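Peer 1: Sequence and predicted structure are below.
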Amino acid sequence: MPSEWLEIHVHTRAGSADSSISTDKLGEAAAEAGVRGVVVAEHYRVWSEWEREAFFDRWGVRVYRAMEATTDVGHIILLGAPEGMSAPSNGREVLAHAKANGMFSILAHPFRYYFDAVHAGGRPVFPQGATPEDLAAHELFTLIDAIEIENGGSNDRENAMAAEVARISGLPVTIGSDAHHVHELGCITLPVPAIPADEHELVDLIASLTIASVSSPERKPLAPLEGHE
């Protein structure tokens, strides 16, 4: 049985304009839920070492260096992103830079709006009506390191397509709440034997994750916390 829980893919007001979560609310909610490690993938900046250390000292919750880059090929979480990084909008440039500089890339919510006619402007770059096999053969899945197959902001059909493409491609997988508001924290968490000490250990962990390992009976999403705003 797992002894610890990770929250992968969270946003706060400290670096994401579309989030309402303060750093204190994140710490309080994570500590109460027993989540001891959080990937805070802000849209616009990477938390500083001082911020991460202060957060750990106060809440006992480890924060890993990361950011979520908005690019022309989708949203890409970069684990191990350095402080002060500003990602270009060209996704292929982002991925090449990440690989050359030891970052680990995760394609976040890859099929959000893929089936949605209303949000045509927000659809991913993949051709409409393609089979999972055709999608898995897309160039992007030769450049990315892992696929997020369960995202709290995506619907079941979108997440199912991500999981099927990951199964066919054989890429590692992640899951995450993509929380932007406190009530979303804890809705999708990952059980682990121990909390990774740093981004290197976290990358090693994610690189080992398969659909079977994140879909095991041990992984039970925590209920959204009550009493927080």
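Peer 2: Yes, it's here.
Peer 1: which of the residues in stretch 153-169 are buried?
Peer 2: Within stretch 153-169, the residues that count as buried by 16 or more other CB atoms under 10 Å are 153-154, 158-159, 161-169. No exception for glycine: its C-beta is placed from N, CA and C like everyone else's.
Peer 1: again, but for stretch 194-209
Peer 2: I195, P196, E199, L202, V203, L205, I206, L209.
Peer 1: Assign the second one to helix, strand or coil.
Peer 2: Counting by DSSP: H, G, I helix; E, B strand; the rest coil, the backbone at P196 sits in coil.
Peer 1: any idea which element the closest residue to it other than its chain neighbours lies in?
Peer 2: Spatial nearest neighbour of P196, chain neighbours left out: L202 (4.1 Å); criterion: CB to CB, 6 or more residues apart in numbering. Taking DSSP states H and E as the definition, L202 sits inside helix 199-207.
Peer 1: What count of nearby residues applies to E93?
Peer 2: E93 has 13 neighbours, counted by other CB atoms under 10 Å.
Peer 1: can you list contacts of the helix or strand containing it?
Peer 2: Using DSSP H and E, the element containing E93 is helix 91-100. Residues outside helix 91-100 that contact it (CB atoms under 8 Å, 6 or more residues apart in numbering): 69, 71-74, 76, 78, 87-88, 103-105, 140, 143-144.
Peer 1: Can you tell me which of these are buried?
Peer 2: For the contacts of helix 91-100, a neighbour count by 16+ other CB under 10 Å gives the buried set as 69, 71, 73-74, 76, 78, 87, 103-105, 140, 143-144.
Peer 1: just to revisit the earlier point, what's the first helix or strand after the helix holding L202?
Peer 2: Assigned by DSSP H and E, the successor of helix 199-207 is helix 211-214.
Peer 1: Give me the mean pLDDT for that next one.
Peer 2: The pLDDT scores in helix 211-214 average 88.
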